[in-house]
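J.: I would like the atomic coordinates for the input below:
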Amino acid sequence: MATSGQQGRKPRADVQRNRAALLETAQRHFLRHGVGTSLEAVAKEAGVGPGTLYRHFPTREALLAAVLQTRSEELVARQADIEQLGDAAEALEQWLRAMEEYFSAYSGLPEPLMAAARAQEPDSPLTIPCDILITATDRYVRAAQRAGHVRTSVQGYDLFLAACSLAWIKGNDTDEESLGRLRALIASGYRERTDTQADTPA
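T.: You can find the predicted model right below:
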């Protein structure tokens, strides 16, 4: 049986190096080839065998979740700026755009995130990051509802899926003008009627 000292021991330096190399390489491959990239190619470029990759990241979802964690600093910084806004409707809109951009980081990323959000499987590595984002979205939704800007039936989960959907559409070479119209269409669906009417040209 391991002693308490052994249990608290830090991972060996080579183990930490391998993990860091895998994450850095996976990020490059996801950027170039999307989240469906060859994991064997990731391991080869990182200078490790497939067995080492799967010891660190047993599934593609586990690797993707770890890579997303390394990219979360930018989203956290955006959220800190959004928290300073005094307008709840503007805060929600900016948060949705921030999520859309985050979900657009890699080709094919929205699909596994939406699948994880729908399935809510406790063993999926993507469930926790999805839950965190849905909870944050729900907080912005509730604040906007209290201010009378968002329909009471709308939930954070709904707008999380909307941001994922926009990211998926964006990833299929949709032009920005069309994306703008789609964002406006989604906003007209979640806003209270008075807000929607205020944005309609006379």
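
J.: point to the residue nearest the middle of the protein.
T.: Phe103 (4.9 Å; Cα atoms, centre = their mean).

J.: and the pLDDT for that residue?
T.: At Phe103, the model reports a pLDDT of 94.

J.: tell me which element the closest residue to it other than its chain neighbours falls in.
T.: Leaving aside its chain neighbours, Phe103 sits nearest to Ala167 (3.5 Å; criterion: Cβ to Cβ, 6 or more residues apart in numbering). All C-beta spots, glycine's among them, are computed from the backbone N, C-alpha and C. Assigned by DSSP states H and E, Ala167 belongs to helix 156-170.

J.: measure the closest residue to Gly171 other than its chain neighbours to Ile134 for me?
T.: Excluding the flanking residues, the one nearest Gly171 by Cβ to Cβ, 6+ apart is Ser107, at 5.4 Å. Between Ser107 and Ile134 the distance is 23 Å, computed by Cβ to Cβ, to the nearest Å.

J.: just the helices from the chain, written as ranges.
T.: 4-7, 13-33, 39-46, 50-56, 60-70, 72-82, 88-103, 110-119, 127-146, 156-170, 176-190, 193-199 (DSSP state H).

J.: least confident of these, on average?
T.: Minimum mean pLDDT among the helices of the chain: helix 4-7, a mean of 48.

J.: who touches Glu121 in this structure?
T.: Thr127 (Cβ atoms under 8 Å, 6 or more residues apart in numbering).

J.: ramachandran angles for it?
T.: phi -80, psi 120 (degrees, to the nearest 10).

J.: for it, give me the pLDDT.
T.: Reported pLDDT for Glu121: 76.

J.: roughly how far does it sit from Asp131?
T.: Distance, Glu121 to Asp131, by Cβ to Cβ: 11 Å.

J.: and what of Gly189?
T.: For Gly189, the distance to Asp131 - Cβ to Cβ - is 23 Å.

J.: if anything else comes up later, I'll come back, but that's it for now.
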